[in-house]
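J.: Build the 3D model from these lines:
(chains A and B)
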Amino acid sequence: MDYKITPRAEDYSRWYNDVIMAAQLADYAPVKGCMVIRPNGFALWENMQRALDDMFKATGHQNAYFPLLIPESFLKKEAEHVEGFAPECAMVTHGGGKKLEEPLVIRPTSETIIWSMYKNWIMSYRDLPLLINQWCNVIRWEMRTRLFLRTTEFLWQEGHTAHATAEEAEAEARRMLGVYTTFAEDWMAMPVIAGVKTEKEKFAGAVRTYTIEAMMQDKRALQAGTSHNLGQNFARAFDVTFLDDKGTRDFVWATSWGVSTRLIGALIMTHSDDRGFVLPPKLAPTQVVIVPIYRKEAERTAVLKAAARLRVELKERLRVHLDDRDQYTPGYKFHDWEQKGVPLRLELGPRDLQNEQVVLVRRDTGAKQTAPQAGLADACAALLDDIQQALYDRALTLRRENSFTVSSYDELKARIDEPGGFFWAYWNGATEDEVRLQEETKATIRCLPFEADESPLKDSLEGTCLLTGAPTSQRVVIAKGY
RNA sequence: CGGGGCGUAGCGCAGCCUGGUAAGCGCGCCUGCUUCGGGAGCAGGAGGUCGGUGGUUCAAAUCCACUCGCCCCGACCA
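T.: Numbering: from 1, shown residues only, chains lettered A, B, ... in the order given. Down below sits the predicted model:
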C-alpha cells in the first residue's frame, strides 16, 4: 500500500505510528487503547515467542495456562501488589445476566491466581523448584496508550517460579534476566543495560526488580524486560509452605519475569528508518524477498521460472518469499518490501539471467551488489549475518555516543533535554530525592547497572552522590523513559 | 482528569465563517489497453443517510444546543 512516512526528525511519534501502519504490523481497534496485531506483526511476535520459548525450555521451564479471571479478593492478599495494580484493573461485575457475588478482575498479571494454585501443588522440597511459564494476554487500564508500547490489552509471557531457598530464587531472577539480555542482543540486535530497579521503580510486591534498558533512536530509555525476586511475599499472602529435608517448614521463595509485545515497539524504535521498518534477519518472518523483473511475455516466463528455482534453493536454509504479483511494477515492490522491513531483496531480471547472477540489496544500508547464482544460499546467509551484526553495532554506537557522565545535579539538569541521552552518575539518594529528580527533570533513574563496561565511569569505583554529595560507590543510569 | 485538535467515500483532505444546482479533490479500488532494472501512463467506472440526536429555517455538511467517539500534549505504567 502507498503510505507516506513522516521523517523522524520532523515528528518522532508520527514517524513511529507511520512505520507501524506502513509495515501493516498493527491497526487501531474499535475499543480505545486496544490494537489489532496484523499478520505481519503477529508473524514477528511468533518468531520472538519461538526464540524465547526455546530458551525457557532449555532452562527447564514448562508452559501452562491459568485463567483470565481472578477473584478480586486474591489481588487484595498482597498489600503492595493491590496498591500497585488496583488503579489499572478492569473488573467483571456481571455474568449470566446477574450481578456477581464477587467481582472478577481481568488479570493485569497472574501472581495471585498462580500462587493460589501453588499452595496446593507444593508440599515438600521435593516439589521444588517449580518452574512454570505462561503465554497470555493481560489488561491494564492505561491512561495514555501507544501502539505496542502501552496498550490496554497486550500479549506477553510471564514466568512464575517457586524455590526452596532465597539464594535459588535470586539466582533464578538473575538467570532469566540473562536470558532476556541474550534475546535482546543476539536476536533483536538491541544492546541493553542490565541492572536493578530502585525501590521506587520496583514491581508491586517484589523484593527486588531487575530490568534491561535499551536506548531508542530518540535517546529515550525503554524498559524491555523485567525479572523479579519476590522473596516470600506471595508465599506468605497465599500461605504456600514446604517441608525441607530436615523437616523444617518454611515459606516458599518466588520469582516472576516477563517480556511483552512491547518488544515489537522496541524493535521498531531501535532499527527502523525514514523509509520504514527494519527487521533483524534472525527475527524477520521473511528474510529474503525475490523481485522478478521483466518486460515481454517471453522474459516473464524465463525470469519467473528462474526465480522459482532460486526460491526453492534458498528455502532450504532461509525464509524466502517470491513476489510474483503481476499487477505491480518492480519499483513499487521495492518500496513495499522496504516499508515492511525485509532484510534482503533479491532482484532478478533478463540481464541477470544472461550473466547467471542476481542483484542483492540490503535493507539496513541500501547497498546494492551482484552475486553469482551459484552458491547463492551461502552468499545470502552470510549477508544476513552481516546485517544482523551491523544493526547491533549501529545501535551500540548510538548508545555510546549518547551516554555521558555527570558529576553534579546542575549538570544533569542542563543536559537532560539537550542533548539528552543516558546519564551515568553516582547516587546515594533516598526515594524522596528520586521523586524530586523526576519532578524537576522529567527523567528517571532507569537502573543501577551491573556492569560498568559501557560506562564512562568504568575506571572509577567511587564518587559522590549527585543529589546528596555523600561519597558512594553506587552508580545509576538516568534518562527520560517511555 | 486538565490542555489542544478532529469527525465529510477505504485513507488523506477541501467545502462550513457569508445556509440554496458543491457532494468535490488526491491516493487507493474495479475494467481495458499500453507498461515493468526505484512508488507506471491513458481512458472509462464503482463508492458517501457529511459521527449521532434534537432545534432554527421554505431550505442545513454549513447556524444553534446536546451527545458520542477518536487523536495529540501533561499526571500513572511493561
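J.: Can you give me the buried ones in stretch A:77-87?
T.: Going by neighbour count (16 or more other Cβ atoms under 10 Å), the buried part of stretch A:77-87 is A:77-78, A:81-82, A:84-85. Using the backbone N, CA and C atoms, a C-beta is placed for each residue, glycine as well.
J.: where's stretch A:30-47 relative to the chain centroid, distance-wise?
T.: Distance, stretch centre to chain centre, for stretch A:30-47: 14 Å (Cα atoms, centre = their mean, to the nearest Å).
J.: Now do A:Thr198 against A:Arg208, distance only.
T.: 10 Å (Cβ to Cβ, to the nearest Å).
J.: for RNA strand B, what are the nearby residues on the stretch 51-200 of chain A?
T.: Those residues of the stretch 51-200 of chain A that sit near RNA strand B, judged by Cβ under 7 Å from any atom of the strand, are A:84, A:87-88, A:140, A:142-146, A:149-152, A:154, A:156.
J.: which residues sit in contact with the closest residue to RNA strand B within chain A?
T.: Nearest to RNA strand B in chain A, going by Cβ to the nearest atom of the strand, is A:Gly349, at a distance of 2.3 Å. By Cβ atoms under 8 Å, 6 or more residues apart in numbering, A:Gly349 lies in contact with A:292-294, A:299, A:303, A:330, A:359.
J.: A:Tyr482: which of the buried residues of stretch A:77-87 is nearest?
T.: Of all the buried residues of stretch A:77-87, A:Tyr482 sits closest to A:Gly84, with 18.8 Å by Cβ to Cβ.
J.: and the closest one, what does it touch?
T.: A:203-205 are the contacts of A:Gly84 under Cβ under 8 Å, 6+ apart.
J.: about what we covered before: top of the residues of the stretch 51-200 of chain A next to RNA strand B by number of neighbours, please.
T.: The most crowded member of these is A:Thr151, carrying 24 neighbours; neighbours defined as other Cβ atoms under 10 Å.
J.: From A:Met21, how far out is that residue?
T.: Counting by Cβ to Cβ, the gap from A:Thr151 to A:Met21 is 15 Å.
J.: Which pLDDT value does the model give the residue nearest to A:Lys282 when sequence neighbours are not counted?
T.: The shortest distance from A:Lys282 to any non-neighbouring residue, by Cβ to Cβ, 6 or more residues apart in numbering, is to A:Trp187 (5.1 Å). For A:Trp187, the pLDDT comes out at 98.
J.: The one 5 residues further on too?
T.: We have a pLDDT of 96 for A:Val192.
J.: Contacts only, for it.
T.: By Cβ under 8 Å, 6+ apart, the neighbours of A:Val192 are A:180-181, A:184-185, A:212-214, A:224-225.
J.: Please check those and keep the buried ones.
T.: Using 16+ other Cβ under 10 Å as the burial test, the contacts of A:Val192 include A:180-181, A:184-185, A:212-214, A:224-225 as buried.
J.: want to throw those residues into CSV with secondary structure?
T.: As requested, these are arranged in CSV below (DSSP: H, G, I helix; E, B strand; the rest coil):
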residue, secondary structure
A:Tyr180, helix
A:Thr181, helix
A:Ala184, helix
A:Glu185, helix
A:Ile212, strand
A:Glu213, strand
A:Ala214, strand
A:Ala224, strand
A:Gly225, strand
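J.: got JSON lines for these, with distance to A:Glu170 too?
T.: Below are those laid out as JSON lines (distance: Cβ to Cβ, whole Å):
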{"residue": "A:Tyr180", "distance to A:Glu170": "16"}
{"residue": "A:Thr181", "distance to A:Glu170": "17"}
{"residue": "A:Ala184", "distance to A:Glu170": "21"}
{"residue": "A:Glu185", "distance to A:Glu170": "23"}
{"residue": "A:Ile212", "distance to A:Glu170": "17"}
{"residue": "A:Glu213", "distance to A:Glu170": "20"}
{"residue": "A:Ala214", "distance to A:Glu170": "24"}
{"residue": "A:Ala224", "distance to A:Glu170": "21"}
{"residue": "A:Gly225", "distance to A:Glu170": "17"}
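J.: just for chain A, where's the confidence low?
T.: A:1-3, A:453-459 (pLDDT under 70).
J.: Counting neighbours, what do you get for A:Thr468?
T.: 15.
J.: you'd agree it is in a strand?
T.: No: A:Thr468: not assigned to a strand; according to three-state DSSP it is coil.
J.: Quick check: it touching A:Gly429?
T.: Yes: counting by Cβ atoms under 8 Å, A:Thr468 does reach A:Gly429; the two are 5.6 Å apart.
J.: what about the helices in the stretch 351-482 of chain A?
T.: Assigned by DSSP state H, counting those that start in this stretch, the stretch 351-482 of chain A shows helices spanning A:376-401, A:409-415, A:431-441.
J.: A:Val477: which of those is closest?
T.: Judging the helices of the stretch 351-482 of chain A by Cβ to Cβ, what sits closest to A:Val477 is helix A:376-401, at 10.6 Å.
J.: burial of A:Pro108, as a residue count?
T.: So A:Pro108, with other Cβ under 10 Å, has 22 neighbours.
J.: how about the helices in the stretch 101-250 of chain A?
T.: Counting by DSSP H, counting those that start in this stretch, the helices of the stretch 101-250 of chain A are A:111-121, A:166-182, A:233-237.
J.: Spatially central residue for chain A, please.
T.: Among the residues of chain A, A:Leu263 comes closest to the average C-alpha position under Cα atoms, centre = their mean, at 2.3 Å.
J.: any idea how far A:Ala26 is from A:Ala430?
T.: Distance, A:Ala26 to A:Ala430, using Cβ to Cβ: 41 Å.
J.: And those two? Which one has more around it.
T.: When A:Ala26 and A:Ala430 are compared for neighbours, A:Ala26 comes out ahead with 22 against 13, by other Cβ under 10 Å.
J.: ok, that one touching A:Arg146?
T.: No: using Cβ under 8 Å, A:Ala26 makes no contact with A:Arg146, being 10.8 Å away.
J.: Show me which residues of the stretch 201-350 of chain A sit near RNA strand B.
T.: Looking at RNA strand B, the residues of the stretch 201-350 of chain A close enough under Cβ under 7 Å from any atom of the strand are A:203, A:211, A:223, A:225-226, A:258, A:260-262, A:275, A:293-295, A:300, A:326, A:328-332, A:334-336, A:338-339, A:345, A:347-350.
J.: please redo it, this time with the cut-off set to 6 Å
T.: A:203, A:223, A:226, A:260, A:262, A:293-295, A:329-332, A:334-336, A:338, A:347, A:349-350 (Cβ under 6 Å from any atom of the strand).
J.: Which members of those are positioned in helices?
T.: A:262, A:330-332, A:334-336, A:338, A:350 (DSSP state H).
J.: for the contacts of A:Gly84, which one is nearest A:Ser116?
T.: A:Gly205 (14.2 Å).
J.: Report how many residues lie close to the residue nearest to A:Lys282.
T.: A:Trp187: 20 neighbours (other Cβ under 10 Å).
J.: mind listing what A:Lys4 touches?
T.: A:Asp18.
J.: one step back: and the buried residues of stretch A:77-87, which two are furthest apart?
T.: Farthest apart among the buried residues of stretch A:77-87 - using Cβ to Cβ - are A:Lys77 and A:Gly84, which lie 13.3 Å from each other.
J.: farthest pair in the residues of the stretch 51-200 of chain A next to RNA strand B?
T.: Between all members of these, the farthest pair (by Cβ to Cβ) comes out as A:Gly84 and A:Arg146, at 21.2 Å.
J.: quick one: contacts for the closest residue to A:Gly41 other than its chain neighbours?
T.: Counting by Cβ to Cβ, 6+ apart, A:Gly41 lies nearest to A:Leu25, which is 3.5 Å off, once chain neighbours are set aside. By Cβ under 8 Å, 6+ apart, the contact list for A:Leu25 reads A:37-38, A:40-41, A:44, A:147-148, A:264, A:268, A:277.
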